[in-house]
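Student: here is a sequence together with a model predicted from it:
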Amino acid sequence: MDRFWAVARRFFDCLCAFSWYIAIAAFTTSYCSAHPFSDANSDDLYAMTLAELIELKVVADIASFSRESELGVGSTVDIITRANFERRGAKTLQQAINAYPGLLESPSFFGNSALAIRGYTSAASDTGINMRLDGVPINSFTLGSRLFDVYALQLGTLDRIEMIRGPGSTLYGADAFHGVLSFRTFAATSDQLALESEISGSAYRQTGMRISRAVSDTWRLNASLAYSGQGDQNEKYFFTDGSGDTASSYRQNHYDGYMGVVRLQSQKDEQLSSEVALYYRGQDLNKFQGVGRLTGPVMFPDDTGEIDTQVGMLTAGFKLKLDNAMTIDIKNYVWRDNFERRSNSFIPDATLAELHGGSRIHLTSAQSADTTQWLVGYEFAYMKVLEARNGSTPEPVEDRLRRVNSAIFQAKTPLLQSRIQLLYGMRYDYYSDASAHFSPRTGVIFNPTKTSAIKLLYGNAFRPPTAAEMSGSSLAGPANGAAEKIDTYELVFMRHSRGYRANLVLFKSIWRDAILLVANTEPSPPLARSNSGENEATGIEVSLNYVGPALRFDAGGSYVRSRDVTDDQEYIAFPETILNIGVGVNLKSVRTRIYLHNRAHFNTYSGPVTVFVDSPERLDDYWRTDLTLTWYSTKQQHEIYLNFQNLLNQENYFPSAASAEGGIADTQFSASLGVRLKY
């Protein structure tokens, strides 16, 4: 009977959400009938800005290092523009990316994030994602991730987020295993100033500034600064204590994050462009989820933990266009980070500091639709663990050093008057402390028309052992240096036009040589690391975007099944079905935009199956509705907006990569008021 009422309540909530869509559609229809658009405005699609046009005609360089239409790239790509995440009312990086098919960002231990792409949600879901900031790799050498400081990556400093769902090692090397996240910070070509601020009843606040000024005839300064934070949330959670009774406690999920970027860029020279940039970011997380049930079948009475990080980075580079239209792209970088972790369980406090540096040089052919386009490149990366302590005790990983030399080749050859494109490429990475790896990719793109494409793609990716895995610990021995490998096959159908884009992706991935913890045949330590795991995933992803004179519609969904072949176990913490639906209307006579967005997860469990948790709790279906109302000035320079998150006040839960009992609660209903000013 309880299950019946739970299903009935979900049905009623879905009906309420659907009624919102019907109401908006009906209102839009009646409004457009009463206020017909003149011929002069017939091409003014949704009063679109340039950023909104880009959303339909996706142009990306993440999948080939050169700017290409989505119809011509050899990967499954999503571009999240500023207009996109502002329209949905996203307040954090997690909310910005958590609106796409085949992808789930969920909370992990100590405020860390887990990002699972196309299945495979587990305690290791913070690895295998290559993260880059303005082209610079930013993953930790020790941890193999940067998802532990996502609150420091402030949306207020970004122009766009580019994302690959699927392998990317042929382009980006290590960690581009399940996908790639590339963050592009603010850069403008004309003088402008943008100010923004927002406050919420849930103790959320954010403010930011972006400014672009010409400092001479040949140089331009682009700078951005942003802060966001959230006060104590008093999030109550329940768990089963050691005696078998139900107990409760609170998490605060309190954070402060900040980021500043200064980019000095040359301008007005078509042949030579150069840049020097300085970045600084940090975060302070307090009383987030702790270790859950990672270390035992019962949670600790105070299952909370904290992370503080600071990162400083300097980059310099230039692009030179040669007389034969080939381009040389050179970039150098150096960055250092500091990481502190505190836990209220038996796990000792930890500190970590790393130094990274590197260079790249790419030579790209002239851009032509009739001849082979190619890229050759060399990259060098240096990374060292400066400090690694558990409490006051040095860890074996301290002072570990890695050097990586990489050679890259990518090409695309047109056939049959460019109706067919052959993609092929390879990358070779030589490691000073791990096994070398060769990453190929190939594919065929057929364009039946100029606005459609059929793609058959293959890509190989790898993840070398992290510094922590290579060094071992008192609990588990060191890895042998061999990399994890994944092969992914994709069949893609695309149809794009000025007003809409539709994509259908079928995929299968086979993950081999996964690094597993197994019983050690030696007396000590008790566990050993072995490249013996095998996994596989299959699925389908669909997306549709339509933009009309007064109405826009965004929809996407996925159906994914992923399985641990070694243990014959499903990855049940990844939603079997994900659904995203957004509807927007632009009421030009009252200068108001309305956007309603829904995200739903079906058939998900509270966490992965582990040694200590063999039967995770099944979660109720996740259904979240967000509404944003935006009033804009005559020239759309200034905006005042209201955002309502979890409009129906659903009790939604994410799966916990740390296997916390019952999962982790999502945002409750909250309302926020914000302003954006542009000069």
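Tutor: Received it, and whenever you're ready, just let me know what you need. Numbering: from 1, shown residues only.

Student: can you pull the contacts of Phe380?
Tutor: 358-360, 403-406 (CB atoms under 8 Å, 6 or more residues apart in numbering). Every C-beta, even on glycine, is put in place using the N, C-alpha and C of the backbone.

Student: and for Ser228?
Tutor: 91-92, 151, 154-156, 204-207, 256-257.

Student: Leu147 now?
Tutor: 108, 112-115, 126, 129, 131.

Student: any chance of the residues you listed in TSV, with pLDDT and secondary structure too?
Tutor: Below are the contacts of Leu147 laid out as TSV (pLDDT from 0 to 100; DSSP: H, G, I helix; E, B strand; the rest coil):
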residue	pLDDT	secondary structure
Ser108	86	coil
Asn112	87	coil
Ser113	89	strand
Ala114	89	strand
Leu115	93	strand
Asp126	82	coil
Ile129	94	strand
Met131	95	strand
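
Student: quick check, nearest of these to Val542?
Tutor: Leu115 (20.7 Å; CB to CB).

Student: and that closest one, how many residues sit next to it?
Tutor: Number of residues near Leu115 (other CB atoms under 10 Å) recorded here: 26.

Student: Leu401 now?
Tutor: Around Leu401 there are 13 residues (other CB under 10 Å).

Student: not counting sequence-adjacent ones, nearest residue to it?
Tutor: Lys384 (4.7 Å; CB to CB, 6 or more residues apart in numbering).

Student: buried residues, the helix or strand harbouring the one you found. List them.
Tutor: Using DSSP states H and E, Lys384 sits within strand 373-390. Neighbour-count burial for strand 373-390, counted by 16 or more other CB atoms under 10 Å, picks out 373-375, 377, 379, 381-385, 388-390.

Student: so Trp511, which of the three states?
Tutor: strand (DSSP: H, G, I helix; E, B strand; the rest coil).

Student: ok, which stretches of the chain are helices?
Tutor: 2-34, 50-56, 82-87, 93-97, 169-172, 467-471 (DSSP state H).

Student: ok so, going back, quick check, nearest of the contacts of Leu147 to Asp303?
Tutor: For those, the nearest to Asp303 is Ser108 (12.7 Å; CB to CB).

Student: sorry, back to before: okay, who's weakest in the buried residues of strand 373-390 by pLDDT?
Tutor: On pLDDT alone, Asn390 ranks lowest of those, at 87.

Student: tell me the contacts of the residue nearest to it when sequence neighbours are not counted?
Tutor: Closest residue to Asn390 apart from its sequence neighbours, by CB to CB, 6+ apart: Pro348 at 4.8 Å. Each residue near Pro348 by CB under 8 Å, 6+ apart is listed here: 390-391, 393.

Student: at 10 Å what do you get?
Tutor: The contact partners of Pro348, taken as CB atoms under 10 Å, 6 or more residues apart in numbering, are 341-342, 389-393.

Student: mind giving me the ChimeraX select for those residues, buried ones only?
Tutor: To isolate the buried members of the contacts of Pro348 in ChimeraX, using 16+ other CB under 10 Å:
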select :341,342,389,390
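
Student: which one among the contacts of Pro348 gets closest to Gly173?
Tutor: Closest to Gly173, out of all of those and judged by CB to CB, is Arg341, at 27.1 Å.

Student: could you check the pLDDT of that closest one?
Tutor: Note on Arg341: pLDDT of 92.

Student: could you do Pro616 as well?
Tutor: 92.

Student: tally of neighbours for it?
Tutor: The number of residues packed near Pro616 is 23, by other CB under 10 Å.

Student: same check on Thr142?
Tutor: By the criterion of other CB under 10 Å, Thr142 has 23 neighbours.

Student: next one: the one 10 residues further on
Tutor: When neighbours are defined as other CB under 10 Å, Ala152 has 25 of them.

Student: out of the contacts of Ser228, which are inside strands?
Tutor: 204-207, 256-257 (DSSP state E).

Student: highest neighbour count among those residues?
Tutor: Gly257 (25 neighbours).

Student: excluding chain neighbours, what is closest to that one?
Tutor: Tyr151 (3.8 Å).

Student: for Leu422, same thing?
Tutor: That would be Thr413: by CB to CB, 6+ apart, it lies 4.6 Å from Leu422.

Student: make sure that neighbour is actually in contact with Ser365.
Tutor: No - the pair Thr413 / Ser365 is not scored as a contact, 11.3 Å apart, by CB atoms under 10 Å.

Student: ok, these two, which is more surrounded?
Tutor: Ser365 (18 against 14).

Student: quick one: low-confidence parts of the chain?
Tutor: Counting by pLDDT under 70, the ranges of the chain that qualify are 1-66.

Student: wait, Asp269 sits on Thr218?
Tutor: Yes - assessed by CB under 10 Å, Asp269 is found in contact with Thr218 at 6.8 Å.

Student: so where do the strands sit in the stretch 551-679 of the chain?
Tutor: Secondary structure of the stretch 551-679 of the chain (DSSP state E, counting those that start in this stretch): strands located at 551-564, 569-570, 577-587, 592-602, 622-632, 639-645, 653-654, 664-665, 670-678.

Student: of all those, which lies closest to Asn324?
Tutor: So among the strands of the stretch 551-679 of the chain, strand 670-678 is nearest, using CB to CB, at 40.6 Å.

Student: adjacent strands (with direction) for the closest one?
Tutor: strand 192-200 (antiparallel), strand 639-645 (antiparallel) (DSSP bridges).

Student: and the angle from the shortest one to strand 592-602?
Tutor: What it means is strand 639-645. Angle of strand 639-645 versus strand 592-602, following axes from the mean of the first three to the mean of the last three CA atoms, to 10 degrees, is 20 degrees.

Student: cool, and the longest one?
Tutor: With the same axes, to 10 degrees as the basis, strand 192-200 and strand 592-602 are set at 60 degrees to each other.

Student: distance from the chain centre to strand 192-200, please.
Tutor: 23 Å (CA atoms, centre = their mean, to the nearest Å).

Student: if I pick the residue lying closest to Ser473 once chain neighbours are set aside, what's in contact with it?
Tutor: Take Ser473 and drop its neighbours on the chain: the residue closest to it by CB to CB, 6+ apart is Pro396, 6.5 Å away. Contact analysis of Pro396 by CB under 10 Å, 6+ apart lists 385, 388, 467-468, 470-474, 478.
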